[in-house]
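# sequence and computational prediction follow.
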Amino acid sequence: MLRSAAFRIGQALLTLWVTSICVWALLLLAPGDPARTVLAARGVADPTPALIAATRRQLGLSGPVVPRYWHWLERAIQGDFGTSWQTGQPVMQAFATHLPATARLTLTAMLIAVVLALVLGLASAATAGTWTDGIIRTVTVLMVVTPGFLIGLFVLDILVVHLNLGRVVSDGTWSTVGWPAATLAIGAAGYWARVLRVSLLEAGSASYLLVSQARGTSARRRLFVHVLPNAAAPFLTVVGLGAAGLLGGAPIAETVYSWPGVGQYTVQAIDARDLPVVVTYTMLAVATYIVASLLIDLVLVAIDPRLRREPARRPRPRSARVTA
Amino acid sequence: MTAVIPATGGVPAIEVARPGGLLRTLSRHRGFRVGAGLAVLLTALAVIGPFLAHGPDVTDYVNQLAPPGARHWLGTDGAGRDEFARTVAGARTTLGAAVLVFALTTVIGIAVGTAAGFLGGIFEAGVSRLIDLLLGLPSLVLALAVVGALGPGFGHLILAVTITGWAGLAKLSRSYTIGARQRPDVTAARMAGIRTSRIIAGHVLPGAAVQALIAATLGLGDTVLGLAGLSFLGLGVQPPAAEWGGMLNDSQLYDTVAPWLVIGPGLGIIAAVTAATLISDALRDSTDPSRA
């Protein structure tokens, strides 16, 4: 158990490190001279070549690639993701002001999505084959196929502007998070409910349940002891990864509602080709995702003894090459 | 020159015994019928688009932001362009992009996966690590990062979605190829002295292709959503070209005066993703033996 946990943690760290190389390499694709952009943002209209060279050194834009990467990594681990090319200010400073709004949005969205998915998924599986199930399945398909920005536009255009059913204020606080969070949650909730329904039906069709029933166990015992734990694994996996994935959906939901979070900030930075911001956002989202999948792995190992064996080595093909 | 065992045509994949049989099963699936109907409708719309009265870029300055009516079925946008014509033109762009991504990811996935499965060694190990890395990361975030680094643009968007989309298909093709190498017909072909390239083409690729195509169809809905979402953020097609995500982005400017601008592209996206979802559900039901 401990060994396999250590193995998984090591694997996650390795993934994170390799990803950081790929993501950092995006900085090399920068158009033009970032040093000039930064100087212009700081109000230096006509910089001298010496000043440009000094700024390049300060931004870590000169010298061989490999030491530059290590330098960046060293500072990134300490929470310093460099300087925004657009504003000339530290990227982390801007993120610190935008992160709380995004955290509120994604946490609320996750809560809404989990509750909706549990209600729809359980109700759908409990009534499998009836018209209630049919309606729920249709609704969940609609939830999956309707993109968040469309829901957001509908809410803003129809409900708020034309029917006057309330106000949307996007100030990033808890009291106004409802609409944006619901918008972000709907797609995830529909998908999770579909997964939950299928895994409940699959776990419920196991033949040992028939044996168990023949031996006189109660329906409640079969549900709580056998069906739910077995159906939990796929559901937990998609919920955990999906919750981290909500951070990937945040740019769209935040842009529709002008929610002042990191997603909207990053989209604006993309327009301005402010690559350090893009890199920081990507690293944060990826790190969240990797940590989430690590946690799910560990939870699944904890609830499913079958996963507790040593991680199996991949079987090697017997011959390395097919010779003609 | 003359092979003992005819390598062309190959042995059909075990999983999908007869493609004709799969089609027959699918045609009896209610969800598949609805999805296929929607897909045919959208394709027809995209094809007949250029023959419609209004062009997508023709501006009617007298009728800016006109509500839906007999002259402009879905109204006009802020530049007086016919919204129906733009929706139809958007179908070409959005669906064309999705089909392009579908084709690119499938070809890359099959090629890389089959090569890795057959060559083995360092190449296979490296490719497998890369695949696992890509599959372990959130694809929308990666696509956003790639577009962010390259800059907004339709080509960059397609590149970004392709880069993040091929890995799953390659993994599938790789494991299929490794399995196929142990099959009796492949062993027999090797003993008969048939060239590796012909063995791959005749015995491995057909089955790998069927599997990868099915798997790629399962991801088609997500592809359309991803493309439209990133275009909505202004990272895809640049104006004045018509594209559903971009049109929805434009509609935000007029949300108080012209809410009908959402109808065309909104229904288009929903119809396209619904078609993809229903078809992929039907495919999953018909090809997964555990659900038969």
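Received it, and whenever you're ready, just let me know what you need.
# over to A:P260: give its phi and psi.
phi -80, psi 60 (degrees, to the nearest 10).
# A:T280 versus that one, what's the distance?
Distance, A:P260 to A:T280, by Cβ to Cβ, to the nearest Å: 17 Å. (Glycine included, C-beta is placed from N, CA and C.)
# can you check A:T266 too?
A:T266 is 8 Å from A:T280, by Cβ to Cβ.
# contacting residues around the most centrally placed residue in chain B?
Taking Cα atoms, centre = their mean, the centroid of chain B lies closest to B:F102, which sits 3.2 Å from it. Contact analysis of B:F102 by Cβ atoms under 8 Å, 6 or more residues apart in numbering or on different chains lists B:216-217, B:220, B:223.
# the residues you listed: which two are farthest apart?
B:T217 and B:T223 (10.1 Å; Cβ to Cβ).
# could you check which of those two has the larger neighbour count?
B:T223 (24 against 17; other Cβ atoms under 10 Å in any protein chain shown).
# please identify which helix or strand holds the more buried one.
helix B:220-232 (DSSP states H and E).
# among the contacts of B:F102, which one sits closest to B:S139?
The closest of those, once distances to B:S139 are taken by Cβ to Cβ, is B:T223, at 9.8 Å.
# what's the pLDDT at that closest one?
B:T223 is assigned 89 on the pLDDT scale.
# verify the stated contact: it with B:A98.
Yes. Using Cβ atoms under 8 Å, B:T223 is in contact with B:A98, at 5.2 Å.
# show me what the helix or strand harbouring A:L122 is packed up against.
Of the helices and strands defined by DSSP H and E, A:L122 is found in helix A:91-126. Helix A:91-126 sits against helix A:131-145, helix A:178-204, helix A:228-257, helix A:262-271, helix A:275-303, with contacts defined as 3 or more Cβ pairs under 8 Å, 6 or more residues apart in numbering or on different chains; DSSP states H and E.
# now the last one, how far from the chain's geometric center?
Going back to what we said before, that points to helix A:275-303. Put simply, helix A:275-303 sits 7 Å off its chain's centre (Cα atoms, centre = their mean, to the nearest Å).
# equivalent analysis for the third one, please.
For helix A:228-257, the distance between its averaged C-alpha position and the chain's averaged C-alpha position is 7 Å (Cα atoms, centre = their mean).
# what comes up buried for that helix?
Buried residues in helix A:228-257, counted by 16 or more other Cβ atoms under 10 Å in any protein chain shown: A:230-240, A:242-257.
# that one to helix A:262-271, inter-axis angle?
Going by axes from the mean of the first three to the mean of the last three Cα atoms, to 10 degrees, helix A:228-257 is angled at 50 degrees with respect to helix A:262-271.
# can helix A:228-257 be said to contact chain B?
Yes. Helix A:228-257 reaches chain B (Cβ under 8 Å from any Cβ of the partner chain) through A:241, A:244-245, A:247-249, A:251-252, A:255-256.
# how about the shortest one?
Yes. Using Cβ under 8 Å from any Cβ, helix A:262-271 reaches chain B at A:266-267, A:269-271.
# relative to chain B, how far out is the nearest residue to A:V114 once chain neighbours are set aside?
In this structure, A:V114 finds its nearest non-sequential neighbour in A:V239, 6.4 Å apart by Cβ to Cβ, 6 or more residues apart in numbering or on different chains. Plainly put, A:V239 is 14 Å away from chain B if you go by Cβ to the nearest Cβ, to the nearest Å.
# got it, and A:T173?
23 Å.
# and for that residue, the neighbour number?
12.
# quick one: end-to-end distance for stretch A:169-178.
Terminal residues of stretch A:169-178 are spaced 10 Å apart (Cα to Cα, to the nearest Å).
# circling back to that earlier point, just checking, the residue nearest to A:V114 touches A:A117?
Yes. Contact criterion Cβ under 8 Å: A:V239 and A:A117 qualify, at 7.3 Å.
# list residues touching both of these two?
With Cβ under 8 Å, 6+ apart as the test, A:V239 and A:A117 both reach A:W192.
# neighbour count for the residues of helix A:262-271 next to chain B - can I get that in CSV?
Listed next are the residues of helix A:262-271 next to chain B as CSV, based on neighbours: other Cβ atoms under 10 Å in any protein chain shown:
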residue, neighbour count
A:T266, 31
A:V267, 23
A:A269, 25
A:I270, 25
A:D271, 14
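# tell me, please, the helix or strand in chain A that averages the lowest pLDDT.
helix A:34-41 (a mean of 76; mean pLDDT, DSSP states H and E).
# can you tell if that helix touches chain B?
No. With Cβ under 8 Å from any Cβ as the criterion, chain B is not reached by helix A:34-41; the gap is at least 12.6 Å.
# quick check: angle from the helix or strand just after that helix to helix A:275-303?
Going down the chain from helix A:34-41, the next helix or strand is helix A:49-59, by DSSP H and E. Here helix A:49-59 runs at an angle of 10 degrees relative to helix A:275-303 (the same axes, to 10 degrees).
# for the helix or strand that helix A:49-59 is followed by, C-alpha coordinates in PDB please.
For helix A:49-59, the following helix or strand on the C-terminal side (DSSP H and E) is helix A:65-77. Extracted C-alpha coordinates of helix A:65-77, given in PDB (Å, rounded to 0.1, in the frame of the first residue of the first chain):
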ATOM      1  CA  VAL A  65      18.100  27.500 -23.200                       C
ATOM      2  CA  VAL A  66      18.800  24.800 -20.600                       C
ATOM      3  CA  PRO A  67      20.200  27.100 -17.800                       C
ATOM      4  CA  ARG A  68      17.300  29.500 -18.500                       C
ATOM      5  CA  TYR A  69      14.800  26.700 -17.900                       C
ATOM      6  CA  TRP A  70      16.400  25.600 -14.700                       C
ATOM      7  CA  HIS A  71      16.500  29.200 -13.500                       C
ATOM      8  CA  TRP A  72      12.800  29.500 -14.300                       C
ATOM      9  CA  LEU A  73      11.900  26.200 -12.600                       C
ATOM     10  CA  GLU A  74      13.900  27.100  -9.500                       C
ATOM     11  CA  ARG A  75      11.900  30.300  -9.100                       C
ATOM     12  CA  ALA A  76       8.600  28.700 -10.200                       C
ATOM     13  CA  ILE A  77       8.900  26.200  -7.300                       C
END
